[in-house]
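Q: Mind folding the following:
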Amino acid sequence: MGHDILGYNKAGEAIAYARFSMGNSNATILYDLLDSIDYHAGVSGTGAVTTFSKQQIEKALHAYKQQYGNDVPSSPKGDSLDLKQIQDFLSNCLEEAQKEKSVTVFFG
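A: Numbering: from 1, shown residues only. I've put the predicted structure just below:
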């Protein structure tokens with residue numbers, strides 16, 4: 001069990017990935033940033049798929065930077081690694097959404 005959150009382009013290729021163990025409360029950070037708490041099922045995601053516009057991903061990344069700063073965390077501690085994977089996930093989704101106008105996200 002755990003949270004496997006994947007971003008896909010329109011061709012169905014995975015372009016972003018974030019993984020949290022079932023007991024890792026930092027998973028809710030990504031759900032909150034994406035305004036997707038309804039897809040959080042406790043020990044994992046609900047298995048739902050949804051599409052986010054470029055503007056929604058920009059908003060999520062902006063909120064991340066407001067709360068956690070612009071620098072990618074470098075500490076090897078768990079929270080820093082979680083924050084780095086959240087930032088990487090959002091950045092990869094935004095890069096793709098800038099090309100395709102949207103990304104699809106699976107909350108598993």
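Q: The chain: strands as residue ranges?
A: Assigned by DSSP state E, the strands in the chain fall at 2-8, 14-21, 48-53, 102-107.
Q: And the contacts of the first one?
A: Residues from elsewhere that reach strand 2-8 (Cβ atoms under 8 Å, 6 or more residues apart in numbering): 14-22, 24, 27, 30, 40, 43-45, 89, 92-93, 96, 103-108. The C-beta positions use only the backbone N, C-alpha and C, and glycine is treated the same way.
Q: hmm, try it at 6 Å
A: Strand 2-8 is contacted by residues 14-22, 27, 44-45, 93, 103-108 when judged by Cβ atoms under 6 Å, 6 or more residues apart in numbering.
Q: Then the last one?
A: Residues outside strand 102-107 that contact it (Cβ under 6 Å, 6+ apart) are 5-8, 39, 45-46, 48-53, 93, 96-97.
Q: between those, which has the most around it?
A: For the contacts of strand 102-107, neighbours were counted using other Cβ atoms under 10 Å, and residue 93 has the most, 27 neighbours in all.
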